[in-house]
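In: dropping a prediction and its sequence here:
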Amino acid sequence: MPAVPPSVASAGADLAAFVPLTWLYVPGDRPDRFAKAVDAGADVVILDLEDAVVAGRKAYARDAVAEFVSSPHPVPLQVRVNELTGPDLPADLAAVAGRPGVAGLRLPKVESPVDVVTVAGKLPGTPLHPLIESAVGLEAAYAIASAHPTVASLGLGEADLRSDLGVLGEEGLLWARGRVVVAARAASLPPPAMSVYANVTDLDGLAASCRSGRRLGFVGRAAIHPRQLPVVRDAFRPSAEEVDRARELLAAVAEAQTRDSGTVVLPDGRFADRAMVAAAQRTVALAAAP
């Protein structure tokens, strides 16, 4: 396996440092599951105050989440707050403000950069993760992604988006998925993670869906059950062959640079140049991620 010069691999190392592969949702009104979720093996746990909690239990969920995030945990904890235009948001933000266990907020149904800026002003410095869940939000994807320095990622909420668009099949979401991948990249954000796969028993379908998302430029996926986590992780990790090919490309490009040459032809006939380095760096970094 060819060695990769540090100068060529450095961007890949940075990618591995801030791109998790698995996020696990847990209902905010089930505090009995919080510690179990932290121990389940996800890279990030999301305590959900929105869709997973019925209206009559919002206050209970808010108090339970606030108590749990009052101290740090070994896994980063994000909180998905309620709809930004709804009556529960002010109490949600007050409950998590200043809590040392909060690693970020997931913002549902974001439709404009103003939504993001408003929340950022109320919780300065808190990483924000807007979710695009409507046609209006999709049209504003780049503006939302670049709305404020605390925006840390961009994602799709596909269940709501399907309903808003009247989409029945997977093919109807292809443009939306590509749009979010492009918007995230244009705003210098990490690659977006895929939305949840609702059928927790269909692990083969989950794996196939993840592989499809990886081809579209997604990295990682949110889950709603711990059994989905290893499937997601395996689907997004590159194969040994992919890693070998990426390292070969990086080493060849680095060697070409020492000769002041911008291009190189690899032994298998692939034409490689500097424009291909980023993809190879991502492959090596994902293979090295914990």
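Out: In hand now; what should we look at?
In: can you confirm residue 200 is in a strand?
Out: No: assessed with DSSP: H, G, I helix; E, B strand; the rest coil, residue 200 is coil; it does not lie in a strand.
In: residue contacts, it?
Out: 224, 225, 227, 228 (C-beta atoms under 8 Å, 6 or more residues apart in numbering). Bear in mind the C-beta positions are built from the backbone N, C-alpha and C, glycine included.
In: quick one: residue 77 and residue 195, what's the gap?
Out: 20 Å (C-beta to C-beta, to the nearest Å).
In: one step back: now, the most widely separated pair of the contacts of residue 200?
Out: Within these, 224 and 227 form the most distant pair, 10.0 Å apart (C-beta to C-beta).
In: between the two, which has more neighbouring residues?
Out: residue 224 (19 against 13; other C-beta atoms under 10 Å).
In: shouldn't residue 60 be within a strand?
Out: No: going by three-state DSSP, the assignment for residue 60 is helix, not a strand.
In: tell me who's in contact with the nearest residue to it once chain neighbours are set aside.
Out: Ranked by C-beta to C-beta, 6 or more residues apart in numbering and with sequence neighbours excluded, the top spatial neighbour of residue 60 is residue 29, at 5.5 Å. By C-beta under 8 Å, 6+ apart, the contact list for residue 29 reads 52, 53, 54, 57, 60, 61, 64.
In: tell me the helices in the stretch 151-290 of the chain, going along the chain?
Out: In the stretch 151-290 of the chain, the helices defined using DSSP state H, counting those that start in this stretch lie at 158-165, 174-186, 203-216, 229-236, 240-258, 277-288.
In: got CSV for those, with distance to residue 40 and mean neighbour count too?
Out: Below are the helices of the stretch 151-290 of the chain laid out as CSV (distance: least, C-beta to C-beta, whole Å; neighbours: other C-beta atoms under 10 Å):
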stretch, distance to residue 40, mean neighbour count
helix 158-165, 22, 17
helix 174-186, 26, 18
helix 203-216, 16, 16
helix 229-236, 7, 19
helix 240-258, 27, 18
helix 277-288, 21, 19
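In: closest to residue 23 out of those?
Out: helix 229-236 (9.0 Å).
In: if we can go back for a sec, what's the farthest-apart pair in the contacts of residue 29?
Out: So, the contacts of residue 29 by C-beta to C-beta: farthest apart are 54 and 64, at 14.1 Å.
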